[in-house]
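Student: Pasting a predicted model and its sequence here:
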Amino acid sequence: MGTTVANAKRHIFLTGPPGIGKTTLVQKVCNLLQNAGISSSGFFTEELRSGGTRVGFDVVTLDGKRGTLARLLQASSREESHHVVGQYGVTLKSFESFALPVFSTQAHMGGILVLDEIGRMELMSDRFKQEVKKAFSNPSITILATIPVKPAPFTKSLSQSPNTLVLVVAKSNRDNLVDQVFDMLTKT
């Protein structure tokens, strides 16, 4: 039954509360895709901690490049802190320099585009939103993305598309979802 639903959908969005394991799930699916020789590009966000305290987030591309997404405001350079989400200054220039190239790579390859996450920090970039829209409408690209439980209107509209399947990640299903998501992505 799940395969029939998945075949009608081109994009898979994972949602759930912070810390539930969405990024870990995406990383495990990416490892399976790589081991199967399936073309993918994209990025995931990684929390940075110092002494047990979260101090920011990095964007890490699937090919291993790393850049700053956000830092605690006192740790951010003042020129880059024009964009603020909560207590974090979003460094758009750095984020865009690492995240935007994955779209051009994917447009040429087709395959699977991984976007972890389409959240408030990432959506501060108008260029990122434009690229997400283009990728979303490209029939040769399948998107695996994470989204917040309460998505921004932009993300909510994408998640409500007939081409999108939204899966809620919970402690009770997150381990089983790895193989299920992989199967959905590779059976289309």
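Tutor: Great, that's in hand.
Student: hey, let's count contacts and neighbours off CA atoms from now on
Tutor: Will do.
Student: how about residue 96, what does it touch?
Tutor: Neighbour list for residue 96: 125, 127-128 [criterion: C-alpha atoms under 8 Å, 6 or more residues apart in numbering].
Student: how about a cut-off of 10 Å?
Tutor: 59, 67-69, 102, 122, 125-128 (C-alpha atoms under 10 Å, 6 or more residues apart in numbering).
Student: how about those residues, which pair is most distant?
Tutor: The two members of those with the most space between them (C-alpha to C-alpha) are 67 and 126, at 18.3 Å.
Student: neighbour-wise, which of those two wins?
Tutor: Remark: of residue 67 and residue 126, residue 67 carries more neighbours, 19 against 12, as counted by other C-alpha atoms under 10 Å.
Student: Assign a three-state SS to the more buried one, would you?
Tutor: Put simply, residue 67 is strand when judged by DSSP: H, G, I helix; E, B strand; the rest coil.
Student: is it true that it touches residue 99?
Tutor: Yes. With contact taken as C-alpha atoms under 10 Å, residue 67 and residue 99 are classed as touching, separated by 8.9 Å.
Student: which neighbours do those two share?
Tutor: Common contact partners of residue 67 and residue 99 (C-alpha under 10 Å, 6+ apart): 59-61.
Student: So which of those residues wins on neighbours?
Tutor: residue 59 (26 neighbours).
Student: From residue 69, how far out is it?
Tutor: In this structure, residue 59 and residue 69 are separated by 6 Å, where distance is defined by C-alpha to C-alpha, to the nearest Å.
Student: Quick check: neighbours shared by these two?
Tutor: Common contacts of residue 59 and residue 69, defined by C-alpha under 10 Å, 6+ apart, comprise 45-47, 94-96, 98-99, 122.
Student: on that earlier part again, can I get the buried part of the contacts of residue 96 as one ChimeraX selection?
Tutor: Of the contacts of residue 96, the buried ones can be selected in ChimeraX as follows, counting by 16 or more other C-alpha atoms under 10 Å:
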select :59,67,68,69,102,122,125,128
